[in-house]
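Engineer: following is a predicted model, sequence given first.
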Amino acid sequence: MESPFFRRLQDFLPIVYAVITRVMFFVHGYVTVWLIVHCLGNSYYWSLLIGIVGLLGEMVYTLIARKGHEYK
């Protein structure tokens, strides 16, 4: 018989995986834009971070409305 702790952990894991995935995308996007700005010396490229704002909005939707379950 499964203990309540492991059952609760199984319910929580999709949320952890969703957050970890979005954090990795965020870090990758931020470092990429920073590298472009640093190498080219043009701060105009910081506007590319607008896409990351969309990613954060999608993360909030996934965590709240879908309770951490990914799309299939």
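Structural biologist: Arrived safely, thanks for sending.

Engineer: where does this structure dip in pLDDT?
Structural biologist: Flagging of the chain using pLDDT under 70 yields the residue ranges 1-2, 67-72.

Engineer: check which helix or strand covers the residue nearest in space to the middle of the chain.
Structural biologist: In the chain, the centroid-proximal residue (CA atoms, centre = their mean) is residue 22; its distance is 1.3 Å. Element membership of residue 22, judged by DSSP states H and E, is helix 4-40.

Engineer: what's downstream of that helix, the next helix or strand?
Structural biologist: According to DSSP H and E, the helix or strand after helix 4-40 is helix 50-64.

Engineer: elements contacting that following helix?
Structural biologist: Applying 3 or more CB pairs under 8 Å, 6 or more residues apart in numbering; DSSP states H and E, one finds that helix 50-64 contacts helix 4-40. For every residue, glycine as well, the C-beta is placed using N, CA and C.

Engineer: picking up where we left off before, got the angle for the helix holding residue 22 vs helix 50-64?
Structural biologist: Here the directions of helix 4-40 and helix 50-64 differ by 180 degrees (axes from the mean of the first three to the mean of the last three CA atoms, to 10 degrees).

Engineer: alright, I will stop here.
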